[in-house]
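A.B. asks: Quick one, structure for this:
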Amino acid sequence: MYKNIEESRKELAKLCAGGVPDGVTVKPRVAYGTIYEQIISVAESIKADLIVMAAHRPAFKDYLLGPNALLGPNAAPVVRHSNRSVLAVRE
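C.D. replies: Below is the predicted model of the structure:
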């Protein structure tokens, strides 16, 4: 598992180096565990003002699960449990 984490860090660093405009400060993080818990934990530890994340287009079954299910399985619990503002962007 740790090999994959280190590889992920390297790939994320490459992505940030080539895809982030000059003057924008980025602090890349790689975490493992329950996705929404890690997002909330990192956002709190860095004192983020805003969490921005993608939300999938809902399938028919998602409509049956309630309004928060429309955000997707990862975005919905972040919106529900985070005390930070969350911007969910449709893919």
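A.B. asks: got the end-to-end distance for stretch 40-52?
C.D. replies: 11 Å (Cα to Cα, to the nearest Å).
A.B. asks: Could you tell me how many residues sit around Leu50?
C.D. replies: Residues near Leu50, counting by other Cβ atoms under 10 Å, number 9. C-beta coordinates here come from the backbone N, C-alpha and C atoms, glycine included.
A.B. asks: Return the residues in contact with it.
C.D. replies: Leu50 makes contact with Arg84, Ser85, Val86, Leu87 under the criterion Cβ atoms under 8 Å, 6 or more residues apart in numbering.
A.B. asks: Tell me which residues touch the first one, please.
C.D. replies: Put plainly, it is Arg84. Listed by Cβ under 8 Å, 6+ apart, the contact set of Arg84 reads Ile40, Ala43, Glu44, Ala48, Asp49, Leu50, Ile51.
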